[in-house]
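# below are the sequence and a predicted model; questions follow.
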Amino acid sequence: MRREGWSPGEPVILVIMTEGGGEATTLRTTGDDDGEVNLTVAMPGEGKGFHVTATGRISRITTQAQFNEGVAETDGEHLLKLERYWHERLTFPTGKFNPAWVRKSGQRRQTHSARRAERKEKRTQQRTHGRGERQAPGRSARAQRHRLHFPGRSRSA
């Protein structure tokens, strides 16, 4: 259960009852530095539904909730799920894992990135023609360098 709004360090009492009556379980906790209460507990009794009331001892803030018992996932179960996920991801589509595939893929990626960088550098050099000037789009390198006058066009172009 989680609830905000209590004062930092405020004692909070939780009363948990199973649906259909039975003996209530009382738990005590305190609000953290932000006035939040976080509490995880094993539920009492064999009931399927539960009703909980939490009350702040100082502020008298009260909140209620109803919920059903769920299956608690253990750390071991969670780790097994993660292992299955990564096994399936790394072995797709053959179901077999070969670390050489991973290394080869990494090498191909580095080669591809290096080639891409080389092509980009080459394009940049072609555009500047070694003079540190960028060629204007649609003009030849010679027209750019010498600003040739073409009949029928204005000189300011």
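Cool, the structure landed.
# three-state assignment of Ile13?
Secondary structure assignment for Ile13 (DSSP: H, G, I helix; E, B strand; the rest coil): strand.
# any idea how far it is from Gly31?
12 Å (CB to CB, to the nearest Å). The way it works is simple: take the backbone N, C-alpha and C, and place the C-beta from them, glycine included.
# what's the answer for Pro99, then?
With CB to CB as the criterion, Pro99 and Gly31 are 50 Å apart.
# circling back to that earlier point, between Ile13 and Gly31, who's got more neighbours?
Neighbour totals were compared for Ile13 and Gly31, and Gly31 leads with 23 against 14 (other CB atoms under 10 Å).
# correct me, but the more buried one touches Arg57?
No. Counting by CB atoms under 8 Å, Gly31 sits too far from Arg57 to count as a contact (10.1 Å).
# what residues are shared contacts of these two?
The overlap between the contact sets of Gly31 and Arg57 (CB atoms under 8 Å, 6 or more residues apart in numbering) consists of Glu10, Val12.
# domains in the protein, by residue range?
2-68, 75-127 (automatic domain parsing).
# and these, which is most packed in?
Neighbour counts (mean count of other CB atoms under 10 Å) averaged over each of those peak at domain 2-68, with a mean of 14.
# for the nearest residue to Gly31 once chain neighbours are set aside, which residues are in contact?
When the adjacent residues along the chain are set aside, Gly31 lies closest to Trp6, with 4.0 Å between them (CB to CB, 6 or more residues apart in numbering). By CB under 8 Å, 6+ apart, the contact set of Trp6 is Val12, Gly31, Gly35, Glu36, Val37, Gly56, Ile58, Ser59, Ile61.
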